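**Q** just to be clear, the model below is a prediction. Sequence and coordinates:
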Amino acid sequence: MRQSQLFTKTRKEAPSDEVSKNAQLLIRAGYVHKEMAGVYAFLPLGLRVLNKTIGIIREEMNAIGGQELSLTALQDPEVWKKSGRWSDEAIDVWFKTHLKSGSELGLGTTHEEPLTDLMRNHIASYKDLPKYVYQFQTKFRNELRAKSGIMRSREFIMKDLYSFSRSEEEFRKFYEACAEAYIKIFDRVGLGAKTYRTFASGGSFSKFSDEFQTVCEAGEDTIYIHEGRKLAVNKEVYNDEALSELGLRKEDLREEKAIEVGNIFPLGTRFSDALGLTYKNEAGEAVPVVMGSYGIGPARLMGTVVESLADDKGIVWPQAIAPFAVHLVQLGDDAEVQKEAQEMYREMTGEGIEVLWDDRDARAGEKFADSDLIGIPLRVVVSQKSLAEGKFECVERHSGRTVHHTLSELIGQLTSHKSSL
RNA sequence: CGGGGCGUAGUAUACUGGUAGUACAACUGCUUUGGGAGCAGUUAGACCGAGUUCGAUUCUCGGCGCCCCGACCA
C-alpha cells in the first residue's frame, strides 16, 4: 500500500493521558485510536496486526480440532440465571441493558452459558463427543478501572474455545493439547522465550487453572518462575500447598512481573449440570458433559508484543504479525527514483510480499523516524544512492543490521523466508 | 469502590481575576533534500453548569471526562 494514501498519520508525541508504552506507541504510529477510557478502535495498520494475530491463533485452534463459530454479544439473562451468574455478585463486570419491551439483556462478558445451552441441540450421544468449539468475538466487561492501554479494556475481541468431553480423562488430554497449541502461538508471535505456563487460581470455576504469562515489567501479575522446568506459579496461589503439589522449592524460583496472555480452565460439569447438557453413554445412561474453557485476547497479545519488543525508537514487530513485510522507503521524488520504487513495489507485491511504500513527499529524517516508529521488520531504501549502486539498502528493524541486495536477491530472500515459516 | 491528581488550539505545554504565550502539526511562498530542516506569513484554544465579582480560563460548588495508587479482574 502507498503510504501517501494511508489516512492515519504518525505523531511525535503521545497523548499526555497515556502512560503505558503499548498505547503510546500504537497511538503515535497510527495503529489504534482511543475512543474513551478502556475502549480502543483499530485503524488500518492495527487491524492488519490484529488480523494476523487472529490468523495464527485460528490456525493453531483448527490444528487441534477446533471448529469456529460466532456467538452473539447480546445475551439472554435466562441461561445466566440457571448458572447463577446473572447476579452482579457472581459477575461484577456485566454491562446490562434492556429491550424496548422492558426485559433485561446483557452484553456478553464470556460465553460458557449460551454455548452450553446451544450445544444441547447438538450433543445427545457419546458418539457426538468430544467437540471443540471456538470463536473470536467481542466481549464487554465493565471494569472498574481500565488500564495498561489496550491490555485491559472494556470492549475487546477474545478467542474463547470451549471443550466438550465424555470424561475427565478425555478432557485432560485435550487440555494438554491446547496448552501445547498455546505455546506454539506464543512462539509464533515472538513471545515464546518469555512466556511461561503458570499455575494459578481457578477463580470461580475450579480450584486451579493454567495461565500463560509473559515476563514483562508492564505486567499486572507477579509470578514465580522455575526456569529449568519452564513453568511458573502465580502469586495468588504461591503457598506451601501448591508448591509441594507441583514439587517446587521456593529457593529455585525467581519472582517476575508478567502479563497474562492466555488462560485455560477446567470447568468440570459446572455448566453442563446447570444447563442440562448431558449425553447418553453406551449403557444408555445420561451423563453430564465435561467441559473446559480456553481464552486468548488477541489485542492483549498484540499489546504484549509491543511492550516487550519495542525499543526507544518505536515498535518492533515480529515477521509473523507485522502489518507489512517490507517498508519501501523512497527518498527524493525525481523521475528515476520514482520509477524504480514503482517497479520494486510492483514486483514485490506481485510475489505476494506485503509492502508499505513510503511515497510521500517528505524528508529522509522524517521518513526514517516514521519507519522506525511503525516497526515493519525490513526497511528497503530507494534513492539516487541506491540507483547508482545497483543495490538497495535493507535494514532489519529488530537488529539494525544493514545489508545490500539487488531486487531479485531481496525477493528471493523474502519468499524463501515466507515458505520456511 | 477507597485515596490522589488533572481538564488551555489537532498534539504537547506556559502564564494570568482585566487583549491567553510557545513548539510541533496544518495552510501560503521561497530555500533545502540520507535521520523528525530554515526563513517569512496565515489559521486555530480555556470540558459543561451554577455561584462570588464591575469583570472568571484563573476563586468556590456541582456535573462530566481523563490519569495514577490500591481493591477487583470468572
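**A** Alright, I've got the coordinates.
**Q** for the stretch 151-300 of chain A, which segments count as strands?
**A** Counting by DSSP state E, counting those that start in this stretch, residue ranges of the strands within the stretch 151-300 of chain A are A:155-165, A:195-201, A:208-215, A:221-226, A:231-234, A:254-268, A:278-280, A:286-288, A:290-296.
**Q** how about those strands in JSON lines, adding mean pLDDT and distance to residue A:131?
**A** Yep, even glycine has a C-beta here, placed from its N, CA and C like the rest. Shown next, in JSON lines, are the strands of the stretch 151-300 of chain A (pLDDT from 0 to 100; distance: least, C-beta to C-beta, whole Å):
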{"stretch": "strand A:155-165", "mean pLDDT": "97", "distance to residue A:131": "5"}
{"stretch": "strand A:195-201", "mean pLDDT": "94", "distance to residue A:131": "25"}
{"stretch": "strand A:208-215", "mean pLDDT": "94", "distance to residue A:131": "21"}
{"stretch": "strand A:221-226", "mean pLDDT": "95", "distance to residue A:131": "32"}
{"stretch": "strand A:231-234", "mean pLDDT": "94", "distance to residue A:131": "29"}
{"stretch": "strand A:254-268", "mean pLDDT": "95", "distance to residue A:131": "14"}
{"stretch": "strand A:278-280", "mean pLDDT": "98", "distance to residue A:131": "10"}
{"stretch": "strand A:286-288", "mean pLDDT": "98", "distance to residue A:131": "15"}
{"stretch": "strand A:290-296", "mean pLDDT": "97", "distance to residue A:131": "10"}
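**Q** to RNA strand B, which of the ones you listed lies closest?
**A** Closest of those to RNA strand B is strand A:254-268, at 5.4 Å (criterion: C-beta to the nearest atom of the strand).
**Q** leaving out sequence neighbours, find the closest residue to the closest residue to RNA strand B within the stretch 201-350 of chain A.
**A** Nearest to RNA strand B, among the residues of the stretch 201-350 of chain A, is residue A:203, at 2.3 Å (C-beta to the nearest atom of the strand). In this structure, residue A:203 finds its nearest non-sequential neighbour in residue A:209, 7.0 Å apart by C-beta to C-beta, 6 or more residues apart in numbering.
**Q** related to what we said a few turns ago, neighbours of the residue of the stretch 201-350 of chain A closest to RNA strand B, how many?
**A** Residue A:203 is flanked by 12 other residues according to other C-beta atoms under 10 Å.
**Q** that one contacts residue A:211, correct?
**A** No. Counting by C-beta atoms under 8 Å, residue A:203 sits too far from residue A:211 to count as a contact (10.6 Å).
**Q** one step back: nearest to residue A:89, of the strands of the stretch 151-300 of chain A?
**A** strand A:195-201 (18.0 Å; C-beta to C-beta).
**Q** give me the sheet partners of that closest one and which way each runs.
**A** Next to strand A:195-201 in the sheet, as set by DSSP bridges, lie strand A:208-215 (antiparallel), strand A:231-234 (parallel).
**Q** how about TSV for these, with mean neighbour count added?
**A** Rendered in TSV, the data for the strands paired with strand A:195-201 read as follows (neighbours: other C-beta atoms under 10 Å):
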stretch	mean neighbour count
strand A:208-215	23
strand A:231-234	24
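**Q** helices along the stretch 251-400 of chain A, start to end?
**A** For the stretch 251-400 of chain A, applying DSSP state H, counting those that start in this stretch gives helices covering A:270-275, A:298-309, A:335-350, A:364-374, A:384-389.
**Q** residues touching the closest residue to RNA strand B within the stretch 251-400 of chain A, list them.
**A** Per C-beta to the nearest atom of the strand, the residue of the stretch 251-400 of chain A with the smallest distance to RNA strand B is residue A:365, at 2.4 Å. Applying C-beta atoms under 8 Å, 6 or more residues apart in numbering to residue A:365 gives no contacts.
**Q** how near is it to residue A:386?
**A** Between residue A:365 and residue A:386 the distance is 17 Å, computed by C-beta to C-beta, to the nearest Å.
**Q** my guess is residue A:258 contacts residue A:217. True?
**A** No. Under the contact definition of C-beta under 8 Å, residue A:258 does not touch residue A:217, with a separation of 9.5 Å.
**Q** these two: who's more crowded?
**A** In this view residue A:258 and residue A:217 are compared by other C-beta under 10 Å, and residue A:258 has more residues nearby, 28 against 11.
**Q** contacting residues for that one?
**A** Neighbour list for residue A:258: A:196, A:198, A:213-216, A:219, A:221-223, A:232 [criterion: C-beta under 8 Å, 6+ apart].
**Q** looking at strand pairing, list the partners for it.
**A** Taking DSSP bridges as the rule, residue A:258 bridges to residue A:215, residue A:221.
**Q** interface residues of the stretch 251-400 of chain A facing RNA strand B?
**A** When proximity is defined by C-beta under 7 Å from any atom of the strand, the stretch 251-400 of chain A lies next to RNA strand B at A:263, A:265, A:313, A:331-332, A:363-366, A:368-370, A:372-373, A:381, A:383-386, A:393, A:395.
**Q** phi, psi of residue A:134?
**A** Note on residue A:134: backbone dihedrals following degrees, to the nearest 10 are phi -150, psi 170.
**Q** grab the nearest non-local neighbour of it.
**A** Sequence neighbours aside, residue A:161 is the residue nearest to residue A:134 in space, at 3.5 Å (criterion: C-beta to C-beta, 6+ apart).
**Q** what does residue A:271 give?
**A** Closest residue to residue A:271 in three dimensions, ignoring its sequence neighbours and counting by C-beta to C-beta, 6+ apart: residue A:116, at 4.5 Å.
**Q** list the contacts of the one you found.
**A** Taking C-beta under 8 Å, 6+ apart as the definition of contact, the neighbours of residue A:116 are A:79, A:162, A:271-272, A:274-275, A:277, A:291.
**Q** report the central residue of chain A.
**A** With the centre of chain A defined as its mean C-alpha position, the nearest residue by C-alpha atoms, centre = their mean is residue A:298, 2.2 Å away.
**Q** need the contact list for that residue.
**A** Under the criterion of C-beta under 8 Å, 6+ apart, the neighbours of residue A:298 are A:50, A:53-54, A:57, A:136, A:157-159.
**Q** so the nearest residue to it once chain neighbours are set aside, which state does it fall into?
**A** Once flanking residues are discounted, residue A:298 sits nearest to residue A:53: 4.5 Å by C-beta to C-beta, 6+ apart. Three-state call for residue A:53 (DSSP: H, G, I helix; E, B strand; the rest coil): helix.
**Q** quick one: pLDDT of residue A:53?
**A** Among the per-residue scores, residue A:53 holds a pLDDT of 98.
**Q** what's the burial count for it?
**A** As a burial measure, residue A:53 scores 26 neighbours (other C-beta under 10 Å).
**Q** no further questions, thank you.
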